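> build the 3D model from these lines:
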Amino acid sequence: MAIDATLPGAAEAVAAVSPADAERQLRERRRLLRFLLRLGHLLLATGAPAGVVETSLRRVAQTCQVDHFNALALPTVVFVNFADEEVQQIEFTAEQGLVLRFDQIEAAYELARDAERAPIDPAEGLKRINAILAMQPRLGLAWGVLGHVLVTVGIALVLRPSADVVGAAAFFGLVVGVLKVLARDRGVITTLLPTVAAFVVTLVSLLAARHGFAASPIYVLVASLVTFLPGGTLAIATIELAYGDVVSGGTRLVSGLLQLVFLVLGMLAAASIIGLPPDTLFVPVADAAVRAWAPWLGVFLFGIGHTLHYSARLSTLPWLLALLCVAQAGQLVGNAAFGGYMSGFFAALLITPASYMVQYRLGGPPSMVTFTPALWLLVPGSLGLIGMAELVVNDRLAGVENFVATLFSIVAIALGSVIGTGVYNALFEPVLQRAGTMADVMLRYLRLRR
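Numbers count the residues shown, from 1 in each chain. Model (predicted):
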């Protein structure tokens, strides 16, 4: 029988929702909430700043037509809130120890981009998250170890391009790469791996120095332990602090410094056993051993090594090498023009808008895949490890000087990144929005040619 909408209470009867429908809507909202929680934590595991994660979650919620939504992201915790006039739902997830490879980072950003562009079924989104977490490296473990060796050799060529340092760094890079494979997903062993690796590498390298091996042990240590150095974490922490994310930035800062302490504990234990004087840590390199092309070869090997070790897609390699070259060139130009801490500032000022342009306008990988290795190449964490190593061997004055230099370098790099982001948002993004993506430009050009 038809309902006369003019009768009293008819409108309310039409608008009323049955209990079954209300229960179904509640389940859908809960599922969407769970999807946003896990997506937020997945994005946090990429190393992205908390503000970027929160913005992405709000965009996804807006695409899903959720009017009242709040998100709060911290390095290991995500809070999301659905709020309306009748009921308020607050849930959070706290997951720790999740480390993503580059291929997983790219898949995570693809999922976030898809969810921002069109509504996605929460169940399907959760399946994609589980699939991302279950992804296996495209190449075998041996390729990952080889990648670690190439990363170590690359940073050795940048730091001290001499045959003895590079050869020793390659050997210890192999040792650390094997240790990382053996300690993978083993709980507390994984947590202690930086300390164990630092102890093993320091013990063997100092024993070699005692028996007359010519390489500078400190540069060998830095090169072989480069994948443990928290330079990227410390720089991101400073960026968050500059943007006012005090809790997230402070947490990352403490975490990065603690990672350095873990490394130094292993070095301290080995140095106390061997007991060498501080001058054995640094061996002057002959001028003939230094070649202008060596750092560029190091950058090339550094990029290939990261592609193999972190299982990045092969299509990512050209973009990664391009950003690393921009970082190296910016550092050299900045050092020649301004010197000191301005080299890192100038390099960060260049690579930040370049990484955003690669991600958002050129169809390349996410900025965290290209920007983070470029930060590692600037080696703020390496300087910190050198300074703390000097403290370990009682060269306290040099150690304090280098550690203070590290702090200024990190601040300069973070400030360059902040300004680079502002430059991109103010100058590049408006122009590119009017022009469209590079693909759209090429399509319009081809159509006009026809």
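
> excluding residues flanking it in the chain, which one is nearest G298?
Using CB to CB, 6 or more residues apart in numbering and skipping residues adjacent in sequence, the residue nearest G298 is L157, 3.0 Å away. C-beta here means a position set from N, CA and C on the backbone, and glycine is covered the same way.

> sorry, slip of the keys, the one I care about is V411.
Looking at V411 with CB to CB, 6+ apart, the closest residue is T238, at 5.9 Å.

> give me every residue that touches the one you found.
When contacts are counted by CB atoms under 8 Å, 6 or more residues apart in numbering, T238 touches G249, L253, I410, V411, I413, A414, L415.

> quick one: pLDDT of it?
Reported pLDDT at T238 in the predicted model: 77.

> buried set for the helix or strand hosting it?
Here T238 is covered by helix 231-242, with elements defined by DSSP states H and E. Taking 16 or more other CB atoms under 10 Å as the basis for neighbour counts, the residues of helix 231-242 that come out buried are G231, G232, T233, L234, A235, I236, A237, T238, I239, E240, L241.

> what of stretch 251-259?
Of the residues in stretch 251-259, those buried under the neighbour-count criterion (16+ other CB under 10 Å) are T251, R252, L253, G256, L257, Q259.

> can I get those residues in a markdown table with pLDDT?
Shown next, in a markdown table, are the buried residues of stretch 251-259 (pLDDT from 0 to 100):
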| residue | pLDDT |
| --- | --- |
| T251 | 84 |
| R252 | 85 |
| L253 | 84 |
| G256 | 81 |
| L257 | 80 |
| Q259 | 82 |
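
> which of the residues you listed fall in helices?
Secondary structure from DSSP state H places T251, R252, L253, G256, L257, Q259 of the buried residues of stretch 251-259 in helices.

> got JSON lines for the residues you listed, with distance to P366 too?
Converted to JSON lines, those look like this (distance: CB to CB, whole Å):
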{"residue": "T251", "distance to P366": "22"}
{"residue": "R252", "distance to P366": "19"}
{"residue": "L253", "distance to P366": "23"}
{"residue": "G256", "distance to P366": "21"}
{"residue": "L257", "distance to P366": "26"}
{"residue": "Q259", "distance to P366": "23"}
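
> CA atoms of stretch 197-206 as PDB?
Provided in PDB are the C-alpha atoms of stretch 197-206 (Å, rounded to 0.1, in the frame of the first residue of the first chain):
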ATOM      1  CA  ALA A 197      77.100  -5.300  13.800                       C
ATOM      2  CA  ALA A 198      79.100  -2.300  15.200                       C
ATOM      3  CA  PHE A 199      80.900  -4.600  17.600                       C
ATOM      4  CA  VAL A 200      81.900  -7.100  15.000                       C
ATOM      5  CA  VAL A 201      83.000  -4.600  12.400                       C
ATOM      6  CA  THR A 202      84.900  -2.500  14.900                       C
ATOM      7  CA  LEU A 203      86.600  -5.500  16.500                       C
ATOM      8  CA  VAL A 204      87.900  -6.900  13.200                       C
ATOM      9  CA  SER A 205      88.800  -3.500  11.700                       C
ATOM     10  CA  LEU A 206      90.800  -2.500  14.800                       C
END
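
> run the chain-centre distance for that stretch.
In terms of CA atoms, centre = their mean, to the nearest Å, the centre of stretch 197-206 is found 26 Å from the chain centre.

> same question, stretch 311-323
For stretch 311-323, the separation from the chain centroid amounts to 15 Å (computed by CA atoms, centre = their mean).

> buried sites along it?
Under the neighbour-count criterion of 16+ other CB under 10 Å, stretch 311-323 has S311, A312, T316, L317, W319, L320, L321, A322, L323 buried.

> contacting residues for A61?
The contact partners of A61, taken as CB under 8 Å, 6+ apart, are L36, F69, A71.

> of those residues, closest to Q136?
Closest to Q136 out of these is L36 (26.5 Å), distances taken as CB to CB.

> distance-wise, check G303 relative to T233.
20 Å (CB to CB, to the nearest Å).

> from the contacts of A61, which has minimum pLDDT?
For those, the model is least confident at F69; its pLDDT is 81.

> can you tell me the helix or strand for the closest residue to it other than its chain neighbours?
Nearest non-adjacent residue to F69, counting by CB to CB, 6+ apart: A61, 4.0 Å away. Secondary structure from DSSP H and E places A61 in helix 50-63.

> report the buried residues of that helix.
Neighbour-count burial for helix 50-63 [16+ other CB under 10 Å]: A50, V52, V53, E54, S56, L57, R58, V60, A61.
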